[in-house]
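Peer 1: here is my input, please return the structure:
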Amino acid sequence: QVQLVESGGGLVQAGGSLRLSCAASGRTFSSYVMGWFRQAPGKERELVAAISWNGGSTYYADSVKGRFTISRINAKNTVYLQMNSLKPEDTAVYYCAASIGIVLTTASRYEYWGQGTQVTVSS
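Peer 2: As a prediction, this is how the structure comes out:
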């Protein structure tokens with residue numbers, strides 16, 4: 001098992017940047033595919049970005065390509081989401097999650113979740 005704690009959310013103006021962090025407990029962090037999801041009010045949760053166990057493969061939703069960057073440091077049990085050029089439509093609760101699968105985009109395999117961190121982008 002792994003416990004996840006997100007941080008770094010907040011209020012930012014459109015065009016600004018935020019970096020989200022997700023700290024994981026447990027010795028097996030490096031074996032998990034990690035992902036960042038978000039859920040806006042009234043909308044379904046969506047996978048925003050994901051990264052393989054060694055960082056060699058990444059996935060980005062079309063809506064964030066070129067603006068967001070996912071990374072991880074296994075020695076620190078931490079995964080990051082750097083968000084640049086933020087837009088009001090990026091406003092959502094962002095969740096870090098760990099997958100027991102190997103395919104980055106299989107949402108059903110993400111079994112461990114953090115509590116979420118709010119990101120609000122003002123226009």
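Peer 1: which parts of this structure are strands?
Peer 2: Assigned by DSSP state E, the chain shows strands spanning 4-7, 10-13, 18-24, 33-39, 46-51, 58-60, 68-73, 78-83, 92-99, 110-113, 117-122.
Peer 1: want to throw the ones you listed into TSV with mean pLDDT?
Peer 2: As requested, those are exported to TSV (pLDDT from 0 to 100):
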stretch	mean pLDDT
strand 4-7	97
strand 10-13	98
strand 18-24	98
strand 33-39	97
strand 46-51	97
strand 58-60	97
strand 68-73	98
strand 78-83	98
strand 92-99	97
strand 110-113	95
strand 117-122	98
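Peer 1: could I get those strands in JSON lines, plus columns for mean neighbour count?
Peer 2: From N, CA and C alone the C-beta is placed, and that goes for glycine too. JSON lines is the format used below for those (neighbours: other Cβ atoms under 10 Å):
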{"stretch": "strand 4-7", "mean neighbour count": "18"}
{"stretch": "strand 10-13", "mean neighbour count": "13"}
{"stretch": "strand 18-24", "mean neighbour count": "20"}
{"stretch": "strand 33-39", "mean neighbour count": "24"}
{"stretch": "strand 46-51", "mean neighbour count": "21"}
{"stretch": "strand 58-60", "mean neighbour count": "16"}
{"stretch": "strand 68-73", "mean neighbour count": "18"}
{"stretch": "strand 78-83", "mean neighbour count": "22"}
{"stretch": "strand 92-99", "mean neighbour count": "23"}
{"stretch": "strand 110-113", "mean neighbour count": "17"}
{"stretch": "strand 117-122", "mean neighbour count": "17"}
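Peer 1: which strand residues bridge the residue positioned nearest the centre of the chain?
Peer 2: Closest to where the C-alpha atoms of the chain average out (Cα atoms, centre = their mean) is residue 36, at 2.1 Å. Counting by DSSP bridges, residue 36 forms beta bridges with residue 49, residue 96.
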